[in-house]
Structures are given as C-alpha cells and as structure tokens.
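S.K.: Quick one, fold the following:
(chains A, B, C and D)
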2 protein chains.
Amino acid sequence: MATSEGGRPRPTVRERLQQAAFELFDEQGYDGTTVDAIAERAGVGRTTFFRAFRSKEEVIFPHHDELLEQVRGRLDAASERHSLVAVFEASRLVLKHYLNEGELAQRRYDLTRSVPSLREREIAGMQQYQRAFREYIRTWMGDELRAELMAGSVITAHNVVLRRWLRGLAEDPVAEFDVAMTKVVELFGDRRGDPGGAGGAGATVVVVTHAGDDPSSIAGAVEAALRNDLAHRAP
Amino acid sequence: MATSEGGRPRPTVRERLQQAAFELFDEQGYDGTTVDAIAERAGVGRTTFFRAFRSKEEVIFPHHDELLEQVRGRLDAASERHSLVAVFEASRLVLKHYLNEGELAQRRYDLTRSVPSLREREIAGMQQYQRAFREYIRTWMGDELRAELMAGSVITAHNVVLRRWLRGLAEDPVAEFDVAMTKVVELFGDRRGDPGGAGGAGATVVVVTHAGDDPSSIAGAVEAALRNDLAHRAP
DNA sequence: TCTCAGTACGGTACTGAGTACCGTACACGT
DNA sequence: ACGTGTACGGTACTCAGTACCGTACTGAGA
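M.R.: Have a look, this model is predicted:
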C-alpha cells in the first residue's frame, strides 16, 4: 500500500509533508514557516502533520531515534573481546547513515547553521550517541574519566569528518573517518604501561573496522587512509 | 539602588522571580509550572517576567552569556606563549563559576536530569564553551582534528569533575579538576616528536594554573592533586 | 450486500510560551 | 509645577503542541 499499482510510487503523506516543509524552509526560512503552511502545501490537515512528525523539528531529524537504536544494538551485540572495534563500527554506522541521506543531510546542515534552535537540537542528538558510547566504553574500561574522554573523542572525530563532507571538502569521507579514528586510537589505545589498553593501533585497526563491508573496497580504503595518514604525519 | 538603605537588601524583581520559579519547580515540576504562576507568586505581571528573563529556561541558566564572555575574554587576553595555560584558566573559570553558584547549581542539576528540554539546553551551552576553546586552540595548533579533540576533552574533563561535585562525590573539586586536566595534558601535550607541542605536563601545570589564585591555597591544592593522582596512577 | 471494526484523516478548541504595543505610575532633574 | 525617562501592568496577538470528536474509507466476515 501507499504505492498505487500503475506508474511511479505515490508519495506517502510523510514524504509529501517533508517535501513541502523543505520547500517552505528554503523560501521563507525555518522560523518564518508555520506548521499550518506546511500542512496546507502538502494538502493535508494540521493534525495529520503532528501525526506524521512529533514536532516541527522532527521533519529535519527524521530517523534519529532509529539510528540511535541501531547504534545501541550494535554495541550491545559486540563481544567483550572486540570492544574497540564495536565502537568504531557503531560510529561508522552513524557516518554512513548521514552519507546515505545525501541531499537531506546537506539541507539540514545549512538549516542547523542558521537556526540556533536547530543547532541545539542537533548537538543534543549527538550527545545521545556520545552517551551510548560512554556507557559502553565504561563497562570495559575501568577509568571513568578516560572512558568519557574517549567517547567524546570518537564523536568529535566523527563530526569533524562529517562536517568536512557536508562542506564538500572530503572526497572520500569513509577513508577520512578511518584516519580520524586511527588518531583516536593513537591517543587512547597506545599508552605506555596501561592495563586494559586497547591493543594495537594504527592502520591495522582500519582494516579490522572494515570487516563488515564489501571486501573489494577494503584495499582502496586502506590505501587512501595510509596516504592521508602519511601526509599528516611527516610534513 | 535596588537595595534600600536600612535593613537587609530588598530583593530585586529578578531575584524574587527566580526564588518563586524554583519554589514552584520543586512543588510542581518544570513543565507543570507556567510563567503566569511564577509571576503571580513573585507578585509581578507576566510581562515583567519576560523583561527580567528572555525565556522560562533562562531562569535556570541565568549567567550563561556573561560567563561565556569571560571565557572568551580570558582566551583572547592570553599571550601566544602560554596558550595551554590560558585554556586551563578559562575552563577553571567555568568550574569556579558553578562552584560559586552553590545551591543554584545543584538545583539546576536536578532539573536538567529530569527535564529533557533543559538537558538539551545545558548541553548546547557547554558546546558554546567548547566552540570557544576549539577556535582558540586551532589558532595555535595546526591540526584541526587534534584541536577539536583537545577542546572536547577539556570540556569533558571539566564536566566529569563538575558532575562529581554536583553529586556530592568530590571533596575538593578544584584539585580533581587539576588532576583531570593533567590527564588531558598527558594525552595531548606529551606526544613523541610533535612540533607545536604544549610543553611540560603533569603536576607542574597544576602549579602554573593556580597562578591567579590565593597563594596560600596552592600548597594544599597541589598536595591533594598529587595524592589523587598517585591513587589513580599505580593501583 | 450488510455490518462491524480498525484506521487514517480533518476540524475544533484548548493550553502555554513568547512578542508587540499601549497606558500609567513613579521616580528624577529643572 | 513641568516635562522626561523608566519600570511596570494589561491586553491582544501568533504559533507550537495536545486532546478530543466526527467522519470517510477499507477490508473481513456473515
């Protein structure tokens, strides 16, 4: 259902609302657009809008809750032996989600940069990921402060790469993500005599975190990551 | 003005509103309290409330803007030679602000833990400090990612100590702050061959960051910091 | 075909935050 | 006494979000 048998799939109410909303945001700005106007352009009633989206902001952050659940699931499913890899895979999950959103992510980025309330919302959302990471990391790492610092660093590294991609500065964001995560590992996993340390660091981890992906892409990603890494290392 | 000559200083409208607001928050919760109710209990009109506070949330985060300005000022005033110390002093400024707030900080903490919208607000506020740190650090440190990670870590370390104090777990939060910042320095300032590195690490920095404080308290703080540090270091 | 239940939708009315505007009282300096 | 600024209260408005009700469509079973 929601797609008639014949021609192109008929957009759902939710999709029509989202389309109308972003059109109006472009034309009049976020604050200048009322929910009534969105519903009217989508050809539905105001009530229907609030049935499709819990709030006006949720039009812009549509799949946040599901993604958060996926992240938690990925972390919970990980065995204790591969905790660090689990954190990487989970944060990579977030990055890939944004990459898949494509244009929507870009438009949201523009909006969050210009509308303070949306920026707050986005930050708060990121904090939820950080919270998930933090709680998970703390279970395997004794040090509370250290776990907190690492969780924050994972999120930060993710955000740096994501922002670069959103600004069109990153040709291969996934490779950059691996480089960034490698730096995080160098920071946290490469300690002197620390017990409970996270094992090896550097390019090895890059390969491991690619485990769930298409094998043919691994070689290229590693190559790009190493090239990037070397460029940063010794100038 | 605003204090009559004679007995105790007459509370300003702003103070009366804040008092009334927190009373009602305790009695009925944040969402269950309307601005009308706050104004009524304070004995003023609704309009006056919005003249004293820009929003209902601002009753709970009253001096945020000023503090942010102080942080920016402290960073801008720092000479390039002591960048790391400037970051520490600025983040210490934030911590001390909360410590000085005393009971208000505790009540806000309780509220932010139970009301999601307030938690978002608090997180967004912290992000502004992080932004100030990030932009400052990036000017002296070439590496964007590294600056971002460090700024995030400074904020995180601050928050960990602050939360411990708010939960009544920290006897000497300032000393714990110094320990936490020392760990951050170990993480970021103690690199192998990195140029632009942040010089020495460890307890030395603790002394330096105390430069602006009462000299008599330095000895005790250093002693406490070292004791704490040793307890964490070799168990 | 009729009926019944579930669902999806629209409409109305309400609460509450935040804004704009106007009127007024009470401080001052002259 | 006379303006003048300022602080305050009141009214009326916009808009997000909620609650509730009525109705049209749909599909299963008799």
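S.K.: Nearest to the spatial middle of chain A, which residue is it?
M.R.: A:V94 (3.1 Å; Cα atoms, centre = their mean).
S.K.: wait, it sits on A:A157?
M.R.: No. The pair A:V94 and A:A157 fails to qualify as a contact (Cβ atoms under 8 Å) at a distance of 11.4 Å. Quick note: C-beta positions are derived from backbone N, CA and C, even for glycine.
S.K.: List the contacts of A:H64.
M.R.: Residues in contact with A:H64 (Cβ atoms under 8 Å, 6 or more residues apart in numbering or on different chains) are A:G125.
S.K.: distance of it from A:H97?
M.R.: According to Cβ to Cβ, to the nearest Å, A:H64 and A:H97 sit 10 Å apart.
S.K.: before we move on, what about A:L187?
M.R.: Taking Cβ to Cβ, one finds A:L187 at 25 Å from A:H97.
S.K.: One more: A:A39?
M.R.: 28 Å.
S.K.: right, and the secondary structure at A:M150 would be what?
M.R.: Under DSSP: H, G, I helix; E, B strand; the rest coil, the three-state class of A:M150 is helix.
S.K.: And the one 5 residues further on, by the same measure?
M.R.: With three-state DSSP as the basis, A:I155 sits in helix.
S.K.: Tell me, how many residues neighbour it?
M.R.: Residues near A:I155, counting by other Cβ atoms under 10 Å in any protein chain shown, number 21.
S.K.: now do A:T12
M.R.: 13.
S.K.: Look up phi and psi at it.
M.R.: phi -70, psi 170 (degrees, to the nearest 10).
S.K.: For chain A, what lies in contact range of DNA strand D?
M.R.: Neighbours of DNA strand D within chain A, by Cβ under 7 Å from any atom of the strand: A:33-36, A:46-47, A:50, A:54-57.
S.K.: residues contacting the nearest residue to A:E57 once chain neighbours are set aside?
M.R.: With Cβ to Cβ, 6 or more residues apart in numbering or on different chains as the criterion, A:E57 has its nearest non-adjacent residue at 5.4 Å, and that residue is A:R121. A:R121 is in contact with A:57, A:60-61, A:112, B:120, counting by Cβ under 8 Å, 6+ apart.
S.K.: swap the cut-off to 10 Å and go again
M.R.: A:55, A:57-58, A:60-61, A:64, A:112, A:115, B:120, B:124 (Cβ atoms under 10 Å, 6 or more residues apart in numbering or on different chains).
S.K.: give me the element it is part of.
M.R.: helix A:116-140 (DSSP states H and E).
S.K.: Check which residues of that helix are buried.
M.R.: For helix A:116-140, a neighbour-count test (16 or more other Cβ atoms under 10 Å in any protein chain shown) marks A:118, A:120-130, A:132-134, A:136-138, A:140 as buried.
S.K.: Can you show me the helices along chain A?
M.R.: A:13-28, A:35-42, A:46-52, A:64-77, A:83-101, A:103-114, A:116-140, A:144-166, A:173-189, A:203-209, A:215-233 (DSSP state H).
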